[in-house]
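**Q** My questions are about this predicted structure, shown below with the sequence.
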Amino acid sequence: MKTMTLNRSSTKAMNYKVKKVLGAVAIYCVLIIVCAIFLFPCLWLILSSFSATGSLYDTPGFFPESYSFDAFIKLFTDTANHNYPQWLANTLVIAIFNCIFSTLLIIGTAYVISYFQFKARKGLMKSALVLSMFPSFMGMTVIYILMTQFNIVNNIWGLVLIYSCTAPLGYLVQKGFFDTIPQSIYEAAKIDGATNARIFTTITLPLAKPIIVYTALTSFTWPWSDFILPKLLLIEKDNWTVAVGLMQLGQDEFARFAAGSVFIAVPIVVLYFFLVKYMVNGMTSGAVKG
Amino acid sequence: MKRAFRRLGIKISDSWTNFINFFKVANTNTKASMSLMGLGQFMYRQVGRGIMYLGVEILGILFFAIYGFQWIVGLFTLGTVQGDPWTGKQGDNSVIFMLLGLMSVFLLILFIALYISNVRDANNTSKLVLKGEKPKKFKDDLKDLLDKKFYKTVLFLPLLGTIIFSVIPIVFMILVAFTNYGEPYIPPVLVDWVGLENFVQIFSLGEIGPTFFKILGWNILWAVATTLLNYVLGLLLAILLNKKIVKGKFFWRLFPILAYAIPGFITLTAFKFMFAQGGPINNMITSNGGSPIPFLTEDGTWWARFIGLMINAWLTIPSVMLLATGILSNINSDLYEAAKIDGAGSARQFKDITLPFVIFATTPTLITSFIGNFNNFGVFYFLRSTVTTEGYFVSNDTDLLINWLYRLSIDNQFYSIGAAISLIIFIITSSISLIIYIKSPAYKKEDTFR
């Protein structure tokens, strides 16, 4: 009698173990497949950038048959038609200044909306919500119309201006972060007689470091990936950003496209890997608070 | 509805009596400010404020006398003199008339607001004086800008930027929707107000109407399908990676983050090349003796739609996963302990704790991602922007409304139709998000998980 129950329970345990192992195997299989799906296009792009022939048509399958650094060398030396170094410099300038101005404006807006209770606050928030519901093309079409009428905006500083001025409308994520800073911290400083400007610079800003990093990172990387506005705004080749320039490359220059892409994607990806913690914090603070 | 109107009526009559009362009660200095901006402030020896208000009045009157009034009239007429390039006759440019008129209207509103603030300010000072306090000095005003009124200092630039680069363009495009601006009515040809004609054209049987409804149908299908697919798969991936049994979580998460970090235009262009007629996939098919599949060409309607769905999943699942991972780590672990003690299995725990919490926390982002997908310009712009389908007015069968908008306005200069479609998109997205928002648990019971 006793041995029977023992046996039964041990087979049960065995069953449980087998089930668990099988489950683990299944999970790992799924994970490997998922990761392969995410990795494959990137790998294809990276290997293509080292392709010796350079065109998309020459390879029978996905990967090139012979490898070389030609595409990268051509990218930086053969600048007559496609001035990649110039595009790179333009985008870098736009990214740096957009990062500074946008971060200042967004952080300021989010802090004020979260901290101050003034009359127009609710109205401003509602208007921002309504404005964000309009398709962004409406503003861009106006810019395009103005360009065709006046011929004035063909300039990278115009792009910086428009990026920075439209940035504060996306203040919600940052406001969500400021909402989590307890009011009691401010009250202590107020009793000590500090002005609001002083409280902001000495207490709020140091506390808001994660969200500042998040904001700066997103506004720095945005000009590297935006293609709609620069394509409308920048007409001369020497004013193009990397995105606009790379989009003009055809299938016969696939290796050059891949090389140019890899060259800007690698730093951005590395940046994201280091800062992914901040990204997640920023995203969730926006999500829970709305 | 009736009640709302009645309430509005009461509000208006209330504010009118308030206004009359205010005029009766106001003292000389306030009345002085009413007649000349800044005068009341001067009488209280607030020289700084007085000069600023007076300056505003002088500049404002000069501006409206010389330009502003004329420009506002121009907004109504949109120009009367037709230019003629043959004779070199300089005509009126309707678009510039519209823009300047709109700017003048905004400046007029600003001027009126400053006038009201000037009267209110004089009145407040008179109240202070009645209480026996001294009128505020200009130095105090400046100090306030760093303390009590610090929000004004900080908000000034963002507000200015938003008005110039978001509000004015949007109002401008709303106005354009009621004109005939666009081929062939483009300056130097005069543009005119046409009322609702553009909307009639969109909803009637012509070239544009049928295209609109075909694109709208596909657009809704696309937005629902892609939002749900990405949401479910992203959530599953996050839950999978959150399991205790998975070792090396950081390593596994690197791959989706890789996809997330690469700029979208790169991946989209790469995918376009991948599925191109001479691309690697078709190359492999032809070299094995098959005939190439028309993935993205004119005939590839459902292929292109399916590929677009998959590519968008590739692009957005990582961000859903990151978001859900962050939310999962926020769940109070006491809940699981309690559930374990009560004898709930892992399936039960998932159903009753994890899922409700995640859905609760992500509803707001679900709305934004739905709207983002409804207006997802990038995917089909990259995949098929050169393809036009028969039966579609300057468009193809995978275009979303936003892609059509781009083709109409930018590629073909049908500005007024494009503006009308923008307004329709606005009405659709805002009403959908309003409905979802009101029905969402996050809105109904805010404190459920606190």
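**A** Received, thanks. Numbering: from 1, shown residues only, chains lettered A, B, ... in the order given.
**Q** Confidence-wise, which helix or strand of chain B is lowest on average?
**A** helix B:441-444 (a mean of 56; mean pLDDT, DSSP states H and E).
**Q** In the stretch 101-250 of chain B, what residue comes closest to chain A?
**A** Per CB to the nearest CB, B:Gly161 is where the stretch 101-250 of chain B lies closest to chain A, at 3.0 Å. Quick note: C-beta positions are derived from backbone N, CA and C, even for glycine.
**Q** who touches the nearest residue to that residue once chain neighbours are set aside in this structure?
**A** Closest residue to B:Gly161 apart from its sequence neighbours, by CB to CB, 6 or more residues apart in numbering or on different chains: A:Cys165 at 3.0 Å. Going by CB atoms under 8 Å, 6 or more residues apart in numbering or on different chains, A:Cys165 touches A:105, B:160-162, B:164-166.
**Q** Are any of those buried, and if so which?
**A** A:105, B:161-162, B:164-166 (16 or more other CB atoms under 10 Å in any protein chain shown).
**Q** host element of the residue of the stretch 101-250 of chain B closest to chain A?
**A** Assigned by DSSP states H and E, B:Gly161 falls within helix B:150-162.
**Q** so for whichever helix or strand comes after that helix, what's the average pLDDT?
**A** Counting by DSSP H and E, the next helix or strand C-terminal to helix B:150-162 is helix B:168-176. The average pLDDT within helix B:168-176 is 93.
**Q** picking up where we left off before, with distance to B:Lys243 added, can I get the buried ones among the contacts of A:Cys165 in a markdown table?
**A** Listed next are these as a markdown table, based on distance: CB to CB, whole Å:
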| residue | distance to B:Lys243 |
| --- | --- |
| A:Leu105 | 42 |
| B:Gly161 | 46 |
| B:Thr162 | 45 |
| B:Ile164 | 51 |
| B:Phe165 | 47 |
| B:Ser166 | 44 |
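**Q** which one among these gets closest to B:Ile96?
**A** Set against B:Ile96, the nearest of the buried ones among the contacts of A:Cys165 by CB to CB is B:Ile164 (16.5 Å).
**Q** so who does the closest one touch?
**A** A:Cys165.
**Q** and A:Gly139, how many residues sit next to it?
**A** 22 (other CB atoms under 10 Å in any protein chain shown).
**Q** Within the helices and strands, which one has it?
**A** Short version, using DSSP H and E: A:Gly139 is in helix A:137-150.
**Q** What is that helix packed up against?
**A** For helix A:137-150, the contact count by 3 or more CB pairs under 8 Å, 6 or more residues apart in numbering or on different chains; DSSP states H and E identifies helix A:228-233, helix B:94-130, helix B:168-176, helix B:401-406, helix B:415-439 as packing neighbours.
**Q** Next, see if the helix or strand just after the third one gets close to chain A.
**A** Stepping forward along the backbone from helix B:168-176, the first helix or strand reached (DSSP H and E) is helix B:197-203. No - if you take CB under 8 Å from any CB of the partner chain as the test, helix B:197-203 misses chain A, and the best it gets is 14.3 Å.
**Q** List the buried residues for helix B:197-203?
**A** B:198-199, B:201-202.
**Q** will you turn these into a markdown table that also has pLDDT?
**A** As requested, these are exported to a markdown table (pLDDT from 0 to 100):
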| residue | pLDDT |
| --- | --- |
| B:Asn198 | 91 |
| B:Phe199 | 93 |
| B:Gln201 | 89 |
| B:Ile202 | 90 |
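**Q** so can I have CSV of these showing distance to B:Tyr415?
**A** As requested, those are exported to CSV (distance: CB to CB, whole Å):
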residue, distance to B:Tyr415
B:Asn198, 10
B:Phe199, 15
B:Gln201, 13
B:Ile202, 14
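**Q** how about A:Ser51, phi and psi?
**A** phi -70, psi 140 (degrees, to the nearest 10).
**Q** what about A:Phe254, how many neighbours?
**A** 29.
**Q** One more: the one 10 residues further on?
**A** Counted with other CB under 10 Å, the neighbours of A:Ile264 add up to 23.
**Q** Run a quick check on it versus A:Tyr84, I expect a contact.
**A** No - judged on CB atoms under 8 Å, A:Ile264 makes no contact with A:Tyr84 at a distance of 9.8 Å.
**Q** what's the overlap in contacts for these two?
**A** A:Val242.
**Q** Report the contact partners of B:Leu383.
**A** B:268, B:271-272, B:275, B:296, B:304, B:307-308, B:311, B:398.
**Q** which SS state does it fall under?
**A** At B:Leu383 the chain is in helix, as set by DSSP: H, G, I helix; E, B strand; the rest coil.
**Q** Can you name the residues that contact A:Ile185?
**A** A:203, A:207.
**Q** can you tell me how far B:Ile424 sits from B:Phe203?
**A** Going from B:Ile424 to B:Phe203 by CB to CB, to the nearest Å gives 9 Å.
**Q** which residues are in contact with both of these two?
**A** Common neighbours of B:Ile424 and B:Phe203 (CB under 8 Å, 6+ apart) do not exist.
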